[in-house]
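>>> here's my sequence, what's the structure:
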Amino acid sequence: MKTITINGEIIPNDYAWLYDWYEMEYTCPANVKDILNALEDGEDVTVIINSGGGDVVSGQEIYSILKGVKNHVTVDVQSMAASAASMIAMAGDTVRMSPVSLLMIHNASTCTSGDYRDMQHTAEVLQTVNAAIMEAYSRKTNLTYDELKDMMDRETWLTANQCVEKGFADEIIKDEKPAIITNAMVGKLSITDDMISKAKAEKRAKEEKAAADAAGAEILADLDMYGV
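The predicted structure follows:
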């Protein structure tokens, strides 16, 4: 059995090096693909989720990857599956919740600028994204679109028992120890533009120093060779 851990923020593959640089916990689609590439015929998959969500597109990709697994996929929510992580949870053939865990669904959000046409366009895009997210919930729960839309509009938090009642989960994990929720940035990425710029500058400076050190070592080696 293969185990996939969805911890920390859900991020695009291109952001992975930034989170590594800042030593921040994350999950990206490439992490999931790497594990599934080693999946053997007939081998089942367990997905453990402890995440406050993050990037919607990355969450959609992970959901689709898991839905493409031919063998049985079990999802265990240990502490929290919120925002994009709640959509990923819906990919499980069997979804189990720790008795102390939470699941949260809400509307997609973004930042934009421009005139009224840009704002209207952004609103339309967000509604389309909401519809796509809603499809994952609908296929698992059989709740109506109106019911799901109302829940997403209100940003709905569900306990394990409520998840089972509404069909988001199939069962509650027995004899589970309480988990600690550490991700307070629900549905947002902690990496800011300033952090990206700083990391790039530090990375570039480190690479330049390494190149300069290598060049200096080469010059010294040449001098030694000629007895200088």
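
>>> ok, now how distant is the residue lying closest to residue 167 once chain neighbours are set aside from residue 214?
The shortest distance from residue 167 to any non-neighbouring residue, by C-beta to C-beta, 6 or more residues apart in numbering, is to residue 141 (3.5 Å). Quick note: C-beta positions are derived from backbone N, CA and C, even for glycine. Separation of residue 141 from residue 214 (C-beta to C-beta, to the nearest Å): 58 Å.

>>> more neighbours, those two?
Neighbour tally, residue 141 and residue 214, criterion other C-beta atoms under 10 Å: the higher count belongs to residue 141, 17 against 10.

>>> these two touch, right, that one and residue 163?
No - applying C-beta atoms under 8 Å, one finds residue 141 not in contact with residue 163, separated by 9.1 Å.

>>> contacting residues for the residue lying closest to residue 66 once chain neighbours are set aside?
In this structure, residue 66 finds its nearest non-sequential neighbour in residue 91, 3.7 Å apart by C-beta to C-beta, 6+ apart. For residue 91, the contact set (C-beta atoms under 8 Å, 6 or more residues apart in numbering) comprises 47, 62, 63, 64, 66, 67, 73, 75, 136.

>>> so where do the helices sit in this protein?
Counting by DSSP state H, the chain has helices at residues 16-21, 29-36, 56-67, 84-89, 116-141, 145-153, 160-166, 193-225.

>>> so which of these comes closest to residue 172?
Residue 172 lies closest to helix 160-166 among the helices of the chain, at 5.1 Å (C-beta to C-beta).

>>> for the record, mean pLDDT for the closest one?
Mean pLDDT, helix 160-166: 97.

>>> by contact count, what packs against that helix?
strand 94-97, strand 171-172 (3 or more C-beta pairs under 8 Å, 6 or more residues apart in numbering; DSSP states H and E).

>>> what bits of the chain have low per-residue confidence?
Applying pLDDT under 70 to the chain picks out residues 175-189, 220-223, 225-228.

>>> care to break it down by domain?
2-191, 192-228 (automatic domain parsing).

>>> list the buried residues in the shortest one.
By that I understand domain 192-228. Neighbour-count burial for domain 192-228 flags residue 199 (criterion: 16 or more other C-beta atoms under 10 Å).

>>> now that domain, how far from the chain's geometric center?
Taking the mean of its C-alpha atoms, domain 192-228 sits 34 Å from the chain's own mean (C-alpha atoms, centre = their mean, to the nearest Å).

>>> kindly report the same for the longest one.
Between the mean C-alpha point of domain 2-191 and the mean C-alpha point of its chain there is a distance of 7 Å (C-alpha atoms, centre = their mean).
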